[in-house]
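S.K.: Sequence plus predicted model, see below.
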Amino acid sequence: MNSSNKKALLNVLANKKPHRRPIWFMRQAGRYLEEYRQVRKTAGSFLDLCYNPELAAEVTIQPLKRFDIDAAILFSDILVIPQAMGSDLGFVQNEGPKLSTTRSMSDVKKLEIDKVNEFLSPVFETIKNVKPELADHVSFIGFCGAPWTVATYMIEGGTSQDRFLSKKAAFSGEAWFDVLIEKLVLASIDYLEAQVNAGVEVLQIFDSWASDLPDMQRDKYCYKPIAKIVNGLRERGVTVPIIGFAKGLGAGQVDFCGQVDLQAIGVESSLPVNWIKNNLIDNIVVQGNLDPVLLDIGGPGLKENIEHIISYIPMDRHIFNLGHGVRQTTDIAHIHQMVDTVREFDGV
Ligand code: CP3
């Protein structure tokens with residue numbers, strides 16, 4: 001096998017038969033790993049870790065040392081873009097992100113998109129540090145947040161129960177909201193292009209709160225902004241495959257992959273695999289969708305649920321993953337069990 005044939009993830013994304021079902025999992029570098037918690041302590045805060053190219057590279061690689069998986073994902077966060085545009089950002093222990101709020105045209109006008117890549121240059125250094133450390137079969141994933149999801153954090157000032165202010169701004173057609181989305185589109189194109197130039201081979205766009213958008217608003221605030229990012233990258237000659245993860249669209253996943261020229265979509269755990277088989281896999285490669293709680297609790301239910309998923313989705317149309325990020329309380333033995341179960345089922 002030459003080295004490009006060894007990359008199961010890249011092969012599936014190119015509609016080629018992989019030598020095995022690609023596996024990676026969202027938040028694979030994180031607090032459930034003891035070695036992550038150690039490095040995190042050395043770095044100081046979570047953001048100090050994100051902007052430290054040596055330590056961020058180290059934690060990017062940590063899960064690959066433990067598990068026989070097929071991809072590394074850059075260690076960073078979706079909220080570095082608002083920070084690079086001028087929002088104040090901090091992460092408070094056990095509370096999550098806190099940002100200065102963006103709630104008017106004058107707030108939006110203060111956001112600068114020209115210096116985003118300069119501010120984020122340590123992230124590109126991280127990518128350069130990781131690249132030579134990866135084995136031949138490992139694909140390297142870069143990412144950003146989708147404009148809707150990133151905007152919700154900027155408007156609410158952090159994580160919120162129901163994203164009420166964001167939904168209010170979107171649903172009532174506030175002009176400043178549209179300008180905010182447009183700025184995020186432009187900044188994301190620059191940022192993702194620079195990640196690819198630094199060495200990532202796949203991109204994923206996270207729209208974690210896509211399910212907030214009712215049918216009539218999905219086109220304008222989920223599909224179109226993501227399509228603009230994808231098309232903007234293609235116009236600049238970026239050819240790497242792109243995965244869209246618009247969590248919670250349900251049956252709307254069909255529209256999503258119809259409206260945006262993606263190479264794969266990530267799907268939430270609540271989407272039935274029989275439905276995925278009948279409605280998606282003829283058109284697009286699907287990533288997901290094991291419930292992270294099943295992985296956390298382990299036991300016979302874990303094996304049964306994994307086998308249920310992979311019995312419906314053939315290995316050349318599937319990227320095995322979770323329906324959302326791995327939980328902090330997950331036992332690493334369950335992750336070994338997950339990988340072994342997938343490999344045994346596929347006979348590889
Ligand atoms: O391993 C990977 O997946 C790569 C790194 C990565 C992180 N965040 C690291 C992280 C990625 C791809 C993200 C994406 C991200 N960040 C999303 C989209 C995916 C999703 O989870 O829905 C969102 C919404 C964020 C914003 C964010 N970052 C929140 C709300 C929080 C706090 C909640 C929490 O889990 O603590 C974070 C913090 C964060 N991002 C951590 C990690 C490892 C934990 C920070 C710590 O070490 O204390």
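M.R.: That came through fine. Residues are numbered from 1 along each chain as shown.
S.K.: Every contact and neighbour count from this point should use C-alpha atoms.
M.R.: OK.
S.K.: Next one: the one residue in the stretch 51-200 of the chain that gets nearest to the ligand from residue 207, what distance?
M.R.: Nearest residue of the stretch 51-200 of the chain to the ligand, counting by Cα to the nearest ligand atom: residue 96, 3.9 Å away. For residue 96, the distance to residue 207 (Cα to Cα, to the nearest Å) stands at 18 Å.
S.K.: Which one of these two is surrounded by more residues?
M.R.: For residue 96 versus residue 207, the count of surrounding residues by other Cα atoms under 10 Å is larger for residue 207: 22 against 10.
S.K.: Which phi and psi values does residue 249 adopt?
M.R.: Here the main-chain torsion angles of residue 249 (degrees, to the nearest 10) amount to phi -70, psi -20.
S.K.: for residue 90, same thing?
M.R.: Note on residue 90: its backbone torsions stand at phi -150, psi 160 [degrees, to the nearest 10].
S.K.: The spatially closest residue to it that is not a sequence neighbour: what's it in contact with?
M.R.: For residue 90, ignoring the flanking residues on the chain, the nearest one in space by Cα to Cα, 6 or more residues apart in numbering is residue 98 at 5.3 Å. Contact criterion Cα atoms under 8 Å, 6 or more residues apart in numbering gives 89, 90, 91, 92, 157, 158, 159 as the residues in contact with residue 98.
S.K.: quick one: which helix or strand includes the third one?
M.R.: Using DSSP states H and E, the secondary-structure element containing residue 91 is strand 89-92.
S.K.: Quick one: mean pLDDT for that strand?
M.R.: Taken as a whole, strand 89-92 has an average pLDDT of 96.
S.K.: mind saving the C-alpha coords of it as PDB?
M.R.: Coordinates of each C-alpha in strand 89-92 appear next as PDB, following Å, rounded to 0.1, in the frame of the first residue of the first chain:
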ATOM      1  CA  LEU A  89     -12.800  35.300  25.900                       C
ATOM      2  CA  GLY A  90     -12.100  33.300  29.000                       C
ATOM      3  CA  PHE A  91     -12.900  29.800  30.200                       C
ATOM      4  CA  VAL A  92     -14.100  29.600  33.800                       C
END
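S.K.: ok, then the element right after it?
M.R.: The element immediately downstream of strand 89-92 (helix or strand, assigned by DSSP H and E) is strand 96-99.
S.K.: list the buried ones in the helix or strand that that next one is followed by?
M.R.: Heading C-terminal from strand 96-99, the first helix or strand you meet, by DSSP H and E, is helix 105-110. Under the neighbour-count criterion of 16 or more other Cα atoms under 10 Å, helix 105-110 has residue 108 buried.
S.K.: burial count for the residue of the stretch 1-150 of the chain found nearest the ligand?
M.R.: Closest approach of the stretch 1-150 of the chain to the ligand (Cα to the nearest ligand atom) occurs at residue 27, with a separation of 3.0 Å. Here the neighbour count serves as a burial measure; for residue 27 (other Cα under 10 Å) it reads 17.
S.K.: Get me the contact residues on the protein for the ligand.
M.R.: With Cα under 6 Å from any ligand atom as the criterion, the chain comes near the ligand at residues 26-31, 46, 73-78, 96-97, 159, 206, 208, 325.
S.K.: Could you pull up phi and psi at residue 173?
M.R.: Phi and psi for residue 173, reported as degrees, to the nearest 10, are phi 70, psi 40.
S.K.: Return the top helix by length along the chain as CSV; C-alpha atoms alone will do.
M.R.: Among the elements of the chain assigned as helix by DSSP state H, the one spanning the most residues is helix 175-198. Backbone C-alpha positions of helix 175-198 (Å, rounded to 0.1, in the frame of the first residue of the first chain) are rendered in CSV as follows:
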residue,chain,number,x,y,z
ALA,A,175,-29.6,43.7,10.4
TRP,A,176,-26.7,43.5,12.8
PHE,A,177,-27.2,39.8,13.1
ASP,A,178,-26.8,39.3,9.4
VAL,A,179,-23.6,41.4,9.4
LEU,A,180,-22.3,39.3,12.2
ILE,A,181,-23.0,36.0,10.3
GLU,A,182,-21.3,37.5,7.2
LYS,A,183,-18.2,38.5,9.2
LEU,A,184,-17.9,35.0,10.7
VAL,A,185,-18.2,33.5,7.2
LEU,A,186,-15.3,35.6,5.9
ALA,A,187,-13.1,35.0,9.0
SER,A,188,-13.8,31.3,8.8
ILE,A,189,-12.7,31.1,5.1
ASP,A,190,-9.4,32.8,5.9
TYR,A,191,-8.8,30.7,9.0
LEU,A,192,-9.6,27.3,7.4
GLU,A,193,-7.5,28.1,4.3
ALA,A,194,-4.5,28.9,6.6
GLN,A,195,-5.1,25.6,8.5
VAL,A,196,-4.9,23.7,5.2
ASN,A,197,-1.8,25.6,4.1
ALA,A,198,-0.2,24.6,7.5
